[in-house]
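Engineer: Got a predicted model here, sequence first, then my questions.
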Amino acid sequence: MGSIIAVSSTHGTGKTTCAYNLAASMKKAGYNVIVLDEVARSCPFEINQGAGPKTERWLLATQLKLELELIQNFDYVITDRSLLDPLSYAYVLAKADTSFKDRALFSTGFIAFLVEHINENYLTTLLLDKDSFNYQVDDGVRDLDPKFRANVYTALHSFTVKAGVTHKIIYKTKDIYQELQSYGINVPGFDIEESYGHKCNCTVSKRDAGNQIHSYSDKKSLVL
């Protein structure tokens, strides 16, 4: 059974660029790896500040299902977001809007269930610092409200730390390689800043929320 390397943070931090370039570097080094796309872009419900409980439940259920499937066939699954990401967005939305009510989502039992899955299957979570990696651009999908972006990061950082899951806060690209090397994973380097918007010179498999596996090659990196 494989392990998950989660690339996590608020939006506009270069998670997708990081995930694909890391996967390309690992594949070049001979590792059996796949990228799990961020499922939010396939969500049938409204996302960002318009999201409701159904959105966050769908995101959690969809990502959990795909994670469990992919670790059966790949040594490493690099996920574009962790399972704590949707929970953090839901928390921020619930604090801002009393109509956002989902007691089950924040129940001790449900959070314990998610943390148990993470502790069993995640090798580590790479939490990209929101200020060190600030790539907030208008792509027609992401929310551009800086306060919302900051609040999501604060909630995500808090959930990650309090849950006690293995993680590394990433301030520079080299932090990623130091973290992976501590698990015996040695890969050729890349720089997130230099990789922004550039092409990945290696074919990488990815799976989207529609449960389809595609080959990713020579496409510009999205930055989410």
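Structural biologist: Sure, I can see it.
Engineer: Low-confidence ranges, this structure, go.
Structural biologist: For the chain, the stretches flagged by pLDDT under 70 are 98-99, 189-224.
Engineer: how about the helices in it?
Structural biologist: Here the chain has its helices, by DSSP state H, at 15-28, 53-70, 84-96, 108-121, 146-163, 173-181, 192-195.
Engineer: Just send those helices back as TSV, with distance to Cys43 and mean neighbour count too.
Structural biologist: Every C-beta, even on glycine, is put in place using the N, C-alpha and C of the backbone. Shown next, in TSV, are the helices of the chain (distance: least, Cβ to Cβ, whole Å; neighbours: other Cβ atoms under 10 Å):
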stretch	distance to Cys43	mean neighbour count
helix 15-28	16	24
helix 53-70	6	18
helix 84-96	10	22
helix 108-121	18	14
helix 146-163	16	18
helix 173-181	27	17
helix 192-195	25	16
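Engineer: Can you list phi and psi of the most centrally placed residue in the chain for me?
Structural biologist: For the chain, the residue nearest the mean C-alpha position is Arg81 (1.2 Å; Cα atoms, centre = their mean). Backbone torsions of Arg81, given as degrees, to the nearest 10, read phi 110, psi 150.
Engineer: The residue nearest to it when sequence neighbours are not counted and Ala96, how far apart?
Structural biologist: Counting by Cβ to Cβ, 6 or more residues apart in numbering, Glu38 is the residue found nearest to Arg81 once chain neighbours are left out, at 5.3 Å. Separation of Glu38 from Ala96 (Cβ to Cβ, to the nearest Å) stands at 22 Å.
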